[in-house]
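Student: All I have is the shape, not the residue letters:
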């Protein structure tokens, strides 16, 4: 806290609130020293309200609190990036963000896609340290396609049962290995999304 420069904004610093999972920017608030201290001590994001002239914890009335994950300070030491897990819609209008955007998991999938691309490069470079994904790429297209088929069968089997945890885990395995297969074919998650978008008819 000693590094934060509160002098530029009349004892306040902007706090950019970002979902730690999706990486979607949710809102912007302001914190003074007391708000920051309360945020860190309670684990719930607290701001200083410039209109009410007091501290207010996000969700204190609606229940849609912001659970603190991490706080980062920018290069000028006068702006905070606050990673959170939201418990509901963030905006008072009922939308996920204060810009009316939908907060979904595609941000995480994009990051996972980037990791898979890095692992593919590791396999192509002949690195001695091989991750699971890099070893899959080394084994080739047939092995990767076979793995997708195996995960698809296991997902179908679990879908016929009532074990929700097992079904979700198999679904995650299927999606992950499908993303590996897409990369092996020279495409990315964005290409798949573009194909889906091209099929979308707003009237349906």
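Tutor: Structure's in. What do you need? What you see is a predicted model, and the numbers here were worked out from it, not measured in a lab.
Student: Residue ranges in this protein under the pLDDT threshold?
Tutor: By pLDDT under 70, the low-scoring segments of the chain are 129, 201-204.
Student: change it to 90
Tutor: Flagging of the chain using pLDDT under 90 yields the residue ranges 1-2, 8-10, 20-23, 102-111, 114, 122, 124-130, 188-204.
Student: show me where it has helices.
Tutor: Ranges of helices within the chain are 33-42, 106-125, 132-139, 141-159, 164-184, 189-199, based on DSSP state H.
Student: Format these as CSV; extra columns: mean neighbour count and distance to residue 85.
Tutor: For every residue, glycine as well, the C-beta is placed using N, CA and C. Listed next are the helices of the chain as CSV, based on neighbours: other Cβ atoms under 10 Å; distance: least, Cβ to Cβ, whole Å:
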stretch, mean neighbour count, distance to residue 85
helix 33-42, 16, 14
helix 106-125, 15, 12
helix 132-139, 17, 27
helix 141-159, 15, 27
helix 164-184, 17, 18
helix 189-199, 11, 23
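Student: I'd like these as JSON lines, with distance to residue 97 appended.
Tutor: Output for those, formatted as JSON lines (distance: least, Cβ to Cβ, whole Å):
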{"stretch": "helix 33-42", "distance to residue 97": "19"}
{"stretch": "helix 106-125", "distance to residue 97": "12"}
{"stretch": "helix 132-139", "distance to residue 97": "32"}
{"stretch": "helix 141-159", "distance to residue 97": "32"}
{"stretch": "helix 164-184", "distance to residue 97": "25"}
{"stretch": "helix 189-199", "distance to residue 97": "20"}
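Student: I'd like to know which of those helices is closest to residue 26.
Tutor: With Cβ to Cβ, the closest approach to residue 26 among the helices of the chain belongs to helix 106-125: 11.8 Å.
Student: So which other helices or strands are in contact with that closest one?
Tutor: Secondary-structure packing of helix 106-125 (3 or more Cβ pairs under 8 Å, 6 or more residues apart in numbering; DSSP states H and E): helix 132-139, helix 164-184, helix 189-199.
Student: Taking their axis directions, it and helix 132-139 sit at what angle?
Tutor: If you take axes from the mean of the first three to the mean of the last three Cα atoms, to 10 degrees, helix 106-125 sits at 50 degrees to helix 132-139.
Student: Just give me how far helix 106-125 sits from the chain centre.
Tutor: Taking Cα atoms, centre = their mean, to the nearest Å, one finds the center of helix 106-125 at 15 Å from the center of the full chain.
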